[in-house]
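**Q** Have a look; sequence and predicted model below, questions after that.
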Amino acid sequence: MFDALSDKLTATAKKLRGYGKIREANIEEALRDVRLSLLEADVHFRVVKEFTDAVKQRALGQEVLESVSPSQQFIKIVHDQLVEILGGENTELDLKARPPVPIMMVGLQGSGKTTTSGKLALLLKSQRKRPFLVPADLQRPAAIEQLKTLGRQIDVPVYPTEAGDKPVKVVKKALKEAELNGYDVVIFDTAGRLAIDEKLMKELASIKEEVDPVEILFVADAMTGQDAVKTAEAFNRELEFTGVVLTKMEGDARGGAALSIKHITGKPIKFAGMGEKLTDLQPFHPDRVASRMLDMGDIVSLVERAQEVVDVGQAEDMVQKFRTNTFTLDDFLQQLQMMKKLGSLEGILKMIPGTKNLIKGGADLAQAESELRKTEAIIRSMTRAERRDPLILNGSRRKRIAKGSGTEVADVNRLMKNYQEMKKMMSRMQKMGMSGLMKNLMRGGKLPPM
C-alpha cells in the first residue's frame, strides 16, 4: 500500500536539492506535486488542502541546517504532518474496565469484520487475555459458521449462536456466559449490509444499548478509498464508534482511506490488517506508517516482529557458533525457518530504510524466495550426519540428496560451495577480530567474499 504515493512524495522532495533555503518560489511546485499525489491517492480534498497548507506554513523560511539538504528537511516536514494527520500516536484498546470488556465490531458487509474479529481475538490471546467470540450477524448463517471455524483454528471459545436467533437476545445471553466463565474480553461480530440502511443501524443501536460496549471498532476496507470515509462518517453519526480497523492494507490501495478517515471522523485508527493470515493484525502506529511511505523504513516494527518469532536463547547460541566458526547446515536450516516467520523478503525489505529502489530496481525477490525454498529442501534431504559434516558428501550422496529434494546435483554443489565460502569468511573475521575488521574497512578494504 502507498507505493505510488510514496514514489511521488520522495520524487517531489528531490526537486528541492541545491537550494540553500526553502522559499515560497521553490516550494510552490513541490506542494503542487504533493497536492496532486494526494488527490490521486483518493485522499479527501479537505484533508489535502489542510495538509498542504500546514506543510507550507512549516516549511517557508526555515533555514536549512548545514548537515541536512533542503529535500531532506522537506521530507521531515512532510513526515511530521503525515504523522499528525494519521493520528499522532498509537491508540490502544481500552481494556481497563471490569471484565468481561465488550467490544462491538461494525461495518459494511465484505469489509472483513468476521476475519478481523478472529484476528483480534488471537492478538488478545497472545497478550494473555481470555477472549470470547460472539457471532451476532444473524443475517448471514455463513458468517456464524465462519466465526466458529476461526475460533477452532485459534483455540478461542465461540458462543453457539444458531441461525434464526434474535441478535439482542444472543448478545445478552453471550455476555452472561462470558461473566460466568471468567472471560476477559467479549468480541461481538455484528451484521453488515452492502450499503447503509435504517434497519441495520437500528439493530446495531439495540445491541449497543444492551451490551454497553467499551469499544466500538469500525472495520473499513482500505481498498475502497473515500467510500470508506463516507461510510465511516455515517456509522460514527449513529453509533459514535471509538476506533477504526483498516483491512487489506497490504494490497494496492491508494491510501486515501488511511489518510482521511482519522481527520474526517476524529476517531483513531487502532489496527491495520496487513495480510490474510490470522496473525496479520497489527497495532496502527502513525509514525511508522509515515516513515514507510517516505522510504525511511520501520526498524522498530521489524525488531518487534523478530522478538515475537525468534527464540532468544537460540539466537544467542547462533551468535556463539558464528564467533567460533562451528556453524552447521542444521543451524542454517534454523536460520531459514526463523526468517520465514518474519514474513516475505519484500515485507522485510520494506521495513529497512532506503530499500525501495532495490525492490523496484530489478531485485528479483520471487526468485530469491524460490532459491531459499530450494535450499531448505536440499538441507532437509540430508541425513543429520551430513548436515553436521558436509565434507562427507561424495558424488553418490549428492545425487541422492538432489533426487530427494527435487533439484539438480548442480544445485547441491552450489549450496556446498556457498557454505564453504561462508565458513572461510567466518574464519577470517574471527582471526581479524572486530577492531581489525573495522581498521581494514577504513583503509578501503572489503569484507571477505560471501
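**A** All right, it came through fine.
**Q** wait, doesn't Leu281 sit right on Gly118?
**A** No: here Leu281 lies out of contact with Gly118, judged by Cβ atoms under 8 Å, at a distance of 9.1 Å. All C-beta spots, glycine's among them, are computed from the backbone N, C-alpha and C.
**Q** Show me where the stretch 51-200 of the chain has its strands.
**A** Ranges of strands within the stretch 51-200 of the chain are 101-106, 131-136, 185-190, based on DSSP state E, counting those that start in this stretch.
**Q** Please name whichever of the ones you listed is nearest to Leu124.
**A** Of all the strands of the stretch 51-200 of the chain, strand 131-136 sits nearest to Leu124, with 4.7 Å by Cβ to Cβ.
**Q** what packs against the closest one?
**A** helix 113-126, helix 141-154, helix 167-181, strand 185-190 (3 or more Cβ pairs under 8 Å, 6 or more residues apart in numbering; DSSP states H and E).
**Q** List the contacts of it.
**A** Residues from elsewhere that reach strand 131-136 (Cβ atoms under 8 Å, 6 or more residues apart in numbering): 100, 117-118, 120-121, 124-125, 143-144, 147-148, 150-151, 156-159, 161, 167, 170-171, 174, 177-178, 181, 183-191, 207.
**Q** pLDDT of that strand, averaged?
**A** For strand 131-136, mean pLDDT rounds to 93.
**Q** can you give me the angle it makes with strand 101-106?
**A** 40 degrees (axes from the mean of the first three to the mean of the last three Cα atoms, to 10 degrees).
**Q** can you list the weak-confidence ranges in the stretch 151-300 of the chain?
**A** Within the stretch 151-300 of the chain, the segments meeting pLDDT under 70 span 250-255, 295-300.
**Q** quick one: low-confidence ranges for the stretch 1-150 of the chain?
**A** 1-26, 61-72.
**Q** Helices of that one, residue ranges please.
**A** 3-14, 24-40, 45-59, 70-86, 113-126, 141-154 (DSSP state H, counting those that start in this stretch).
**Q** got the angle for the last one vs helix 167-181?
**A** Direction vectors for helix 141-154 and helix 167-181, defined by the same axes, to 10 degrees, enclose an angle of 20 degrees.
**Q** now Pro283, which residues is it bridged with?
**A** Beta-bridge partners for Pro283, by DSSP bridges, are Phe271.
**Q** pretty sure it is touching Gly87, no?
**A** No: between Pro283 and Gly87 there is no contact under Cβ under 8 Å: 11.5 Å.
**Q** So those two - more neighbours on which side?
**A** For Pro283 versus Gly87, neighbours defined as other Cβ atoms under 10 Å are more numerous around Gly87 (24 against 16).
**Q** number of nearby residues for the nearest residue to Leu39 once chain neighbours are set aside?
**A** Take Leu39 and drop its neighbours on the chain: the residue closest to it by Cβ to Cβ, 6 or more residues apart in numbering is Val48, 5.8 Å away. By other Cβ under 10 Å, 21 other residues sit near Val48.
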